[in-house]
Structures are given as C-alpha cells and as structure tokens.
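*Asks:* test case, fold it:
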Amino acid sequence: QLQLVESGGGLVQPGGSLRLSCAASKIALDNYSIGWFRQAPGKEREGVSCISSSGGTTKYEDTVKGRFSISRDNAKNTVYLQMNSLKPEDTGIYYCAALRGTLCSVQLDTNFNYWGQGTQVTVSS
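*Replies:* Numbers count the residues shown, from 1 in each chain. All right, here's what the predicted structure looks like:
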C-alpha cells in the first residue's frame, strides 16, 4: 500500500521560504497525480496546488500563485512544494494526497487514493 510522508515544515518568519517534500514508499509515485492541501486552525482544509503524474500540468490556488511552486522528481519518488514570500495566513498543517491517474486536482471532493499525515508550517515573527 502506498504511503505518503510529508516533511520540511517548521517555523519561519514572514517573507521567508520553506520547501515541503512528499515522499512515497512501496509504490512508484509516477502513476499518481499529487495535490497539496492545507488546514489552518479553525478552518476547513483547502487545496493549494497540484501536479499531474507526468508533471506536465500544475495548478495553484489564487492566494499562492507567484509564491509557491510545485515540482516532482519521479526518480526520487518525491513531490516538492517550494513556498516563498510566506505570509502568516499560510500557517497551517500541509498535507499531500495521491490520486492514481493523470488528473491534477485541488478539489477536496476528489476521491484521492492516499493522504499523508501532514507537516506543520508556522509563519510568524
């Protein structure tokens, strides 16, 4: 069974950067599109970005466009989310999710096959 493990979260000052990783084990990730989601305290989970299985399609939620960049290295079985110019409103738990196939989706009602356990990102001075 595919397992997803997020890493790279932490505490960063506003304007800083973090790179999150979503690593897969047991199954090759190149058959899966990956979505990144986040959940702030007291708020619903929301989609942030996604990348298709080939890497040819990417999407970003409006508030992160121009600041976040998603990429994948299928040889390392890992997807990355580079987050720059971080703001306090980016604070939350970040999750990656895998969807078998080519669809790039940041919609929560998409039937993702697997979810990671999340990594905390805190943007604060």
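*Asks:* for residue 48, which non-adjacent residue is closest in space?
*Replies:* Closest residue to residue 48 apart from its sequence neighbours, by C-beta to C-beta, 6 or more residues apart in numbering: residue 36 at 4.5 Å. The C-beta positions use only the backbone N, C-alpha and C, and glycine is treated the same way.
*Asks:* quick check: bridge partners of that neighbour?
*Replies:* Beta-bridge pairing for residue 36 (DSSP bridges): residue 49, residue 96.
*Asks:* that one and residue 125, how far apart?
*Replies:* 24 Å (C-beta to C-beta, to the nearest Å).
*Asks:* of the two, which one has the most company?
*Replies:* Comparing residue 36 with residue 125 by other C-beta atoms under 10 Å, the one with more neighbours is residue 36, at 27 against 8.
*Asks:* contacting residues around the more buried one?
*Replies:* Residues in contact with residue 36 (C-beta atoms under 8 Å, 6 or more residues apart in numbering) are 20, 22, 47-50, 70, 79, 81, 94-97, 106.
*Asks:* which of those ranks first by neighbour count?
*Replies:* Busiest of the contacts of residue 36 [other C-beta under 10 Å] is residue 96, holding 31 neighbours.
*Asks:* report the contact partners of that residue.
*Replies:* 4, 6, 20, 22, 34-37, 79, 81, 115-116 are the contacts of residue 96 under C-beta under 8 Å, 6+ apart.
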